[in-house]
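Asks: What follows is a predicted structure for the sequence shown.
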Amino acid sequence: MVFWRCHYHAIWTTYRREPLITAAIEAVIIEAIRRKSRELACPLLAVNGVADHIHVAVSIPPRIAAADWLRQVKGLSAYEINQHFPDRATPFGWQTGYGLLTFDGRNLAYVVAYIENQKTHHADRTTEPYLEQVDDR
């Protein structure tokens, strides 16, 4: 048995930061992230987003590279959206880049609350620039 506490805050954006995430699409994204995270035994701590990006707090065990978890949840969620909404004019996709921050247990409640209140933060313009950083490639 191995003791570990590896908490991550991941942020990624829609392709070209298009405002494509509707309530219906967000529900599919969140379910895909939940399902893949369960499959990989990565406890999900919070998930939320706005029209052009998603935030996730997750604990990823050391046996899985954080980049692999990201690749798998981004891939599955894009695939699921395209399956659920086949009549879209263009296929749904994510930007290649992402933001990935680590945080310790003392900041867990703060990060979870920040993610859970994403829509309010963006509507009120109270976002924290450090927690919104993404490589938009």
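Replies: Great, that's in hand.

Asks: From now on I want contacts and neighbour counts done on CA atoms only, so please keep to that.
Replies: Fine.

Asks: Leu76 is in contact with Ile30, isn't it?
Replies: No: contact criterion Cα atoms under 8 Å: Leu76 and Ile30 do not qualify, at 10.6 Å.

Asks: Touching, Val111 and His55? I think so.
Replies: No: the pair Val111 and His55 does not pass the contact test of Cα under 8 Å, sitting 10.0 Å apart.

Asks: And the two? Which one has more around it.
Replies: A direct count of neighbours by other Cα atoms under 10 Å for Val111 and His55 places His55 higher, at 25 against 22.

Asks: what about the residue nearest to that one when sequence neighbours are not counted, how many neighbours?
Replies: Spatially, and ignoring its direct neighbours in sequence, His55 is nearest to Ile11 (4.6 Å; Cα to Cα, 6 or more residues apart in numbering). Other residues near Ile11 come to 25 when the count uses other Cα under 10 Å.

Asks: swap in Leu100?
Replies: Neighbour count for Leu100, taken as other Cα under 10 Å: 21.

Asks: that older thread, quickly note the distance from the residue nearest to His55 to Val2.
Replies: In this structure, Ile11 and Val2 are 28 Å apart, going by Cα to Cα, to the nearest Å.
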